[in-house]
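Chemist: Provide a 3D model corresponding to the input given below.
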Amino acid sequence: MGLWRQRIGYGSSDFACNLIWQMISLYLLYFYTNVMHLNAGAVSIMFLVTKFIDGVSDLIVGYLIDKTNTRWGKSRPWILFGAVPFGVTAVLAFSVPDIGQTGMLIYAYVTYILLSTSYTIVNIPMASILPALSENPHERTVLASCRTFFSSVGSTVVSAFALTLVDKFGNGNEALGFRIVMIIFGVIGCLVFFFCFFNTKERVMVQAEKVSLKANISCLLHNGPWKLFALNIVWFFGGYVIQASAVIYYFTYVVQNTSMVQIVATITTLVPIVTNLLAPFLVKLTSKRNLMIGGSAVHAGGLLIIFFGGTNVPVLIGGAVIAAAGYGLKGSMHFAMQPDPVDYGEWKSGVNTAGTLSAVNGFIGKVGMAIASSIGAALLQFGGFDAVLSVQSATAQSYITTMYIWVPIVMNIATIITMMFYNLDKIYPQIIKELDERRAA
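Modeler: From the prediction side, this is the model:
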């Protein structure tokens, strides 16, 4: 199997994921408050509860991946058989049943848990498979960059066209429009996951060991670089989720320019494609850690420009481009760094815990997203947001600004501080050399 065939095959999986994931990130909170007309406070609690429940499924799926042994490998079967459930639950989550407010809240709980679990089934193996695709550090960076590239393409499709398609198919009925769009994205996503399955191969065969879940967790707890990486997962995903969910609120109610919603959302996903393409070259000039720190600083700077830009469209667009460039660099480094603590753990303990580590990473990410999503909905509630009003109060606008600007900036500062203590890049080449010698023995 050719390198580029596998690179495209692996990367395409995140295109499929992000057709759904970006809809969740950008519009699910809006869908709940403005289409289903659920109380923002109730949604805040729902996000917190369901994400913590979903986090348990991450641990279970990761553990099962480590125990999976088929002719297709450990991770690939999960991508194959998880594709259809993911598409179906996405449609259900963006549907509005006529069962009253209490019934719809219960429906939202159930469908959101099902969607999150389905996402886990396809997303955890996307991370756990990377160490098995290649043992070459640079090739892993290229694969991670391909994944981030296709992730950005999928996100851009949603950012640029989703609301337009909702309006076109719904013809004024947002509930109908969202459901039809999710059917389209769900079908496309399933087909792309199948494409990923048939165009990847788990090449690096690590000797499987019978290790208990408790032993796996113990290995992770003694993995210093992973603990720092795991902490940064909270900052990375938490900041992303709350900012993404606030885009439609910030530009609709604070900037009061609805046309900017899709423009900024598109910039936020399109610009990272460029930074992602540059990542394999930039990482040769410096370390992954330094690029993560630099990306965080640039991201925060772009958000400040947006804040001080007020309603000035050129300034807002410039700030969005800068923020997106920083976020894109962070995203590329996040996925490129992800397999490194796996190798460190195997080097230190002799145990490969790719599936469990990916699962725990997923769990931690969902804890961060749960807290961020809950904070976002809570800020709307505390600020007195009223979906019926076209012009929100000054207090509501202030809380929305906190969602979109200040919380993500704090998350970027937290990333910079955390990464200052991450030093795996310095010893990683020697670790790979020693692991190769062990595997060849």
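
Chemist: what residue ranges in the stretch 101-250 of the chain score low on pLDDT?
Modeler: Counting by pLDDT under 70, the stretch 101-250 of the chain shows low-confidence ranges at 205-213.

Chemist: again, 50 this time
Modeler: Flagging of the stretch 101-250 of the chain using pLDDT under 50 yields the residue ranges 208.

Chemist: quick one, helices of it?
Modeler: Using DSSP state H, counting those that start in this stretch, the helices of the stretch 101-250 of the chain run over residues 130-133, 137-170, 174-198, 213-221, 224-249.

Chemist: let me know which of those helices is the nearest to residue 91.
Modeler: Closest of these to residue 91 is helix 174-198, at 4.7 Å (criterion: CB to CB). In this view, the C-beta of every residue, glycine as well, is placed from N, C-alpha and C.

Chemist: that closest one packs against which elements?
Modeler: In terms of contacts (3 or more CB pairs under 8 Å, 6 or more residues apart in numbering; DSSP states H and E), helix 174-198 is packed against helix 3-23, helix 76-93, helix 137-170.

Chemist: out of the helices of the stretch 101-250 of the chain, nearest to residue 265?
Modeler: Across the helices of the stretch 101-250 of the chain, closest to residue 265 is helix 137-170 (CB to CB), at 3.6 Å.

Chemist: report the buried residues of the closest one.
Modeler: By neighbour count on 16 or more other CB atoms under 10 Å, the buried set for helix 137-170 is 137, 140-160, 162-163, 165-166, 169-170.

Chemist: picking that back up, switch the helices of the stretch 101-250 of the chain over to CSV; also include distance to residue 61.
Modeler: Listed next are these as CSV, based on distance: least, CB to CB, whole Å:
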stretch, distance to residue 61
helix 130-133, 16
helix 137-170, 19
helix 174-198, 16
helix 213-221, 12
helix 224-249, 17
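
Chemist: who wins for proximity to residue 406 among these?
Modeler: Here helix 224-249 is closest among the helices of the stretch 101-250 of the chain (CB to CB), at 9.9 Å.

Chemist: now for the closest one, which elements pack on it?
Modeler: Judged by 3+ CB pairs under 8 Å, 6+ apart, helix 224-249 is in contact with helix 29-30, helix 259-285, helix 313-337, helix 340-349, helix 354-382, helix 407-419.

Chemist: nearest to residue 188, out of those?
Modeler: Closest to residue 188 of the helices and strands packed on helix 224-249, according to CB to CB: helix 259-285, at 16.5 Å.

Chemist: now the closest one: mean pLDDT?
Modeler: Over the span of helix 259-285, the pLDDT mean works out to 88.

Chemist: after it comes which helix or strand?
Modeler: helix 288-309 (DSSP states H and E).

Chemist: and that next one, what's buried?
Modeler: Those would be 288-303, 305-307, 309, for helix 288-309 by 16+ other CB under 10 Å.

Chemist: wait, what's in contact with residue 101?
Modeler: Each residue near residue 101 by CB atoms under 8 Å, 6 or more residues apart in numbering is listed here: 37-38.

Chemist: oh, I was asking about residue 187
Modeler: Residue 187 neighbours (CB under 8 Å, 6+ apart): residue 87.

Chemist: give me the number of residues near the nearest residue to residue 385 once chain neighbours are set aside?
Modeler: Nearest residue to residue 385 in three dimensions, chain neighbours excluded: residue 396, at 4.8 Å (CB to CB, 6 or more residues apart in numbering). For residue 396, the count of nearby residues is 22 (other CB atoms under 10 Å).

Chemist: for residue 396, what are its contacts?
Modeler: 253, 380, 383-386.

Chemist: at 6 Å instead, please
Modeler: By CB atoms under 6 Å, 6 or more residues apart in numbering, the contact set of residue 396 is 383-385.

Chemist: ditto for residue 399
Modeler: Taking CB under 6 Å, 6+ apart, we find residue 399 in contact with 379, 383.

Chemist: tell me how far it lies from residue 115.
Modeler: 27 Å (CB to CB, to the nearest Å).

Chemist: now do residue 28
Modeler: Residue 28 is 9 Å from residue 115, by CB to CB.

Chemist: do residue 340 as well
Modeler: To residue 115, residue 340 is 30 Å away according to CB to CB.

Chemist: swap in residue 147?
Modeler: Relative to residue 115, residue 147 is positioned 21 Å away (CB to CB).

Chemist: for the residue nearest the centre of the chain, give its distance to residue 259.
Modeler: The centre of the chain sits closest to residue 237, judged by CA atoms, centre = their mean, with a distance of 6.3 Å. With distances taken as CB to CB, residue 237 is found 29 Å from residue 259.

Chemist: same check, this time on residue 401
Modeler: From residue 401 across to residue 259, the span is 19 Å (CB to CB).

Chemist: these two: who's more crowded?
Modeler: The neighbour comparison of residue 401 against residue 259 (other CB under 10 Å) goes to residue 401, with 21 against 9.
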